[in-house]
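> starting from these lines, generate the structure:
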Amino acid sequence: MIQGEHGFDVGARLRALRQRHGLSQRELAKRAGVSNAIISLIEQNRSSPSVGSLKKVLDGLPLSLADFFAMESPARPSVFFAAAELVELAGGRVSYRQVGRDLSGRALQILHERYARGADTGEVLLRHDSEEGGVVVRGRLEVTVGDRRRVLGPGDAYYFDSRVPHRFRNSGDEECEVVSACTPPSF
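Predicted coordinates for the structure are as follows:
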């Protein structure tokens, strides 16, 4: 039997790897030729699998026993972010502060945007491969998407295909604040 020694958590490691591969317990069990209950019991650390049983389960990923035990424990992704932990992507008259530092493997990018009075994203319209949306929290934001333009106020929102040329401009008398998202991350 394989024992979790020196703080090694076999169940947590298997669960993290299964999730990283985008598999349900049922799908991994099917691929490995074992019952769903075996995967569940291992992940809950309610069963300490034999070397042969663990090897069979890992073949469903596929991953060797050596790689399974040699890998660093996967870091748990952050869930909560203090205001000071947001990552400044651009400062100055237009500020983009991103939630999370490393977006590799992520499907969504969330930004806290601030536009000084009169600030804009520039004369050259933006264009990137994603979709984006946002909600104006404070101030007034003129949003241009292709040949359409609208001034949005607090509580108003936008959502569009970012491949269409677009531009943002603070058209109000105070700082404008927006919370936005892009999927996939492309800004």
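> could I have the strand or helix carrying residue 142 exported to CSV, CA atoms only?
Using DSSP states H and E, residue 142 sits within strand 141-145. Written as CSV, here are the backbone C-alpha positions of strand 141-145 (Å, rounded to 0.1, in the frame of the first residue of the first chain):
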residue,chain,number,x,y,z
LEU,A,141,-17.7,56.4,-20.4
GLU,A,142,-18.1,56.8,-24.2
VAL,A,143,-17.8,53.4,-25.8
THR,A,144,-17.2,53.1,-29.6
VAL,A,145,-17.6,49.7,-31.2
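> quick one: distance of it to the chain centre.
26 Å (C-alpha atoms, centre = their mean, to the nearest Å).
> same deal with stretch 177-187?
11 Å.
> can I get that stretch in PDB? Just the C-alpha atoms.
Provided in PDB are the C-alpha atoms of stretch 177-187 (Å, rounded to 0.1, in the frame of the first residue of the first chain):
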ATOM      1  CA  GLU A 177     -14.400  53.600 -13.000                       C
ATOM      2  CA  VAL A 178     -15.300  50.400 -14.800                       C
ATOM      3  CA  VAL A 179     -15.100  46.700 -13.900                       C
ATOM      4  CA  SER A 180     -14.600  44.700 -17.100                       C
ATOM      5  CA  ALA A 181     -13.900  41.100 -18.300                       C
ATOM      6  CA  CYS A 182     -12.300  39.600 -21.400                       C
ATOM      7  CA  THR A 183     -12.500  36.000 -22.400                       C
ATOM      8  CA  PRO A 184     -10.100  34.500 -23.300                       C
ATOM      9  CA  PRO A 185      -7.600  36.900 -21.600                       C
ATOM     10  CA  SER A 186      -6.200  39.000 -24.400                       C
ATOM     11  CA  PHE A 187      -5.500  42.400 -23.100                       C
END
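> contacts for that stretch next, please.
Residues outside stretch 177-187 that contact it (C-beta atoms under 8 Å, 6 or more residues apart in numbering): 89, 96, 103, 106-115, 128-139, 141, 162, 168. (Each C-beta comes from the backbone N, C-alpha and C, glycine too.)
> and if we set it to 6 Å?
103, 107-114, 128-138 (C-beta atoms under 6 Å, 6 or more residues apart in numbering).
> partners of the strand holding residue 142 in the sheet?
In the sheet, strand 141-145 lines up against strand 148-152 (antiparallel), strand 166-170 (antiparallel) (DSSP bridges).
> next secondary structure after the first one?
Same thing as strand 148-152. The helix or strand immediately downstream of strand 148-152 is strand 157-161, counting by DSSP H and E.
> just to revisit the earlier point, mark which of the contacts of stretch 177-187 are buried, thanks.
Buried members of those, counted by 16 or more other C-beta atoms under 10 Å: 103, 109, 110, 111, 112, 113, 114, 130, 132, 134, 135, 136.
> residue ranges for the helices of the chain, please.
For the chain, the helices defined by DSSP state H occupy 10-20, 25-32, 36-43, 51-59, 65-70.
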